[in-house]
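1. I'd like to go over a predicted model; first the sequence, then the structure.
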Amino acid sequence: MKAIMKAKPGPGFVFTEVERPSSLGPRDVLVKVRRASICGTDVHIYKWDEWSQSRITPPLIVGHEMAGEVVAVGEAVTRVKIGDLVAAETHIPCEGCYQCRTGRMHVCKNLKILGVDTNGIFAEYAVIPESVLWRFSPEIPLDYASVMEPFGNAVHTVSVTNLLGKAVLITGAGPIGLMAIQIAKVAGASVVIVSEVDPLRIQMAKENGADYVINPLENDLVREVYKIVDDGVDVLFEMSGNRKAFEDGLKCVTMGGEVSILGIFGGRIEVNIDSLITMRGLTVYGITGRRMFETWRIADELLRTKKVDLSKVVTHVLPFNEWEKGLELMISKKCGKVVLNLDL
Ligand code: NAD
Ligand code: ZN
């Protein structure tokens, strides 16, 4: 079968022929991958940044966002059957630790990540444990089912706060920020303000329903936000991973408001916690992954019922062998989500 691999340490991937998996553990499932989407993490591994060097052991089939079809099951599998359409939660929990046994599997102590710690899904077939498969509603187009994992990041972030009638600021309109705009609207936000620096993403934020989009390189974010909402926003979703966006974002939140951080800053950052968080009585949530499987259920319902429309987020669907073009698009950020179609 064809697969995209990190064959050896160093930058780049190879598109190569590897053996199709022939044996399955008792709770493993063989999935025929039909769509695969490219994540920022794949770009990190492709570039072989510091994080990848410390975490990845080649040779490894990369990729983790996918939609596929079950073609074989291990002897003890009960949750899916041959022919089911599935997406995958990419955080593989141990199911035995304190967190797993107390409803917090998304922060499992022994977490393994698909396509990072185990062979991933940029391949015609992938072996995935049944514990992380999600049978998505057949009404959901495969191109959108493939991005249910990052969509779940947006759902998780938005769903920790009650947004009914609330003013929201989203810093960063990457694919996840774009998804969050629509979800926040569905959740009843009165105003959704977005800050973004990239011209294409600014345009996309508008197309996905942002009421206001502010470019902090052109206008002072804090001043502009207080012009729109006298008291400041009730909720901040940090989705840029940019230090300045976070600090200014905090200043935009009303006293006693709420903050959810999804963005990854890639290291230590400095903010004045006393004056920006503690003395202003903010509640701060760290968001990692998706809650298993509440988030998936909500994500499925939002897509099944078309409450959220991903047509303005998934900007490119390419044949599998054009993966390099997909990576270039991701690196240039001239895209929303890029999906690879393995049926073509
Ligand atoms: P992305 O990098 O495509 O999007 C980030 C966006 O922020 C970009 O469009 C960029 O132009 C914008 N940006 C940069 N500087 C800015 C600034 N000063 N002000 C406003 N916007 C600015 O990433 P994504 O895939 O949409 O993911 C969003 C963030 O969430 C990233 O930081 C990513 O690493 C992180 N992430 C976290 C988790 C988790 O589990 N916590 C999971 C997935 C992604
Ligand atoms: Zn665990």
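-> Ah, there it is. Owing to the predicted nature of the structure, the values given are computational and were not obtained by experimental measurement. Numbering: from 1, shown residues only. Ligands and ions are numbered 1, 2, ... in the order given.
2. Run through the residues that contact residue 99.
-> Residue 99 makes contacts with 93, 105, 107-109, as judged by Cβ atoms under 8 Å, 6 or more residues apart in numbering. Using the backbone N, CA and C atoms, a C-beta is placed for each residue, glycine as well.
3. Which one of those residues is nearest to ligand 1?
-> Nearest to ligand 1 among the contacts of residue 99, counting by Cβ to the nearest ligand atom, is residue 107 at 10.4 Å.
4. Can you report how many residues lie near that closest one?
-> By other Cβ atoms under 10 Å, 16 other residues sit near residue 107.
5. tell me the phi and psi of it?
-> phi -120, psi 40 (degrees, to the nearest 10).
6. thinking it is in contact with residue 286, fair?
-> No: using Cβ atoms under 8 Å as the test, residue 107 is too far from residue 286 to be in contact (9.4 Å).
7. any bit of stretch 222-233 sitting next to ligand 1?
-> No: using Cβ under 6 Å from any ligand atom, stretch 222-233 never reaches ligand 1; the gap is at least 12.2 Å.
8. Report the separation between the two terminal residues of that stretch.
-> This stretch, stretch 222-233, spans 10 Å end to end (Cα to Cα, to the nearest Å).
9. Stretch 111-127 too?
-> Start-to-end, stretch 111-127 (Cα to Cα) is 17 Å.
10. Use 405 as the first number from now on
-> Will do, 405 is the new start, and the previous item becomes stretch 515-531.
11. could you give the mean pLDDT of that stretch?
-> The average of the pLDDT scores along stretch 515-531 is 98.
12. ok, back up a step: max pairwise distance over the contacts of residue 503: which two?
-> 509 and 513 (10.4 Å; Cβ to Cβ).
13. If you count surrounding residues, which of these two has more?
-> residue 509 (24 against 12).
14. How about the residues of the protein by ligand 1?
-> So the chain meets ligand 1 at 444, 557, 575-581, 599-602, 605, 620, 643-646, 648-649, 666-668, 691-693 (Cβ under 6 Å from any ligand atom).
15. Residue 439 is in contact with residue 547, correct?
-> Yes: judged on Cβ under 8 Å, residue 547 makes contact with residue 439 at a distance of 6.0 Å.
16. Residues contacting stretch 478-485, please?
-> 428-433, 474, 477, 490, 534-535, 537, 539.
17. Would you point out which residue is most central in the chain?
-> Nearest residue to the geometric centre of the chain (Cα atoms, centre = their mean): residue 554, 2.2 Å.
18. in the chain, which ranges drop under the pLDDT threshold?
-> Nowhere does the chain drop to pLDDT under 70.
19. if we can go back for a sec, so what's the residue nearest to the centre of the chain closest to, chain neighbours aside?
-> If the residues on either side of it in the chain are set aside, residue 554 comes closest to residue 580, at 5.5 Å by Cβ to Cβ, 6 or more residues apart in numbering.
20. Now do the SS call for the one you found.
-> Assigned by DSSP: H, G, I helix; E, B strand; the rest coil, the conformation of residue 580 is helix.
21. from memory it sits against residue 645, does it?
-> No: at 10.3 Å, residue 580 does not count as touching residue 645 under the criterion of Cβ under 8 Å.
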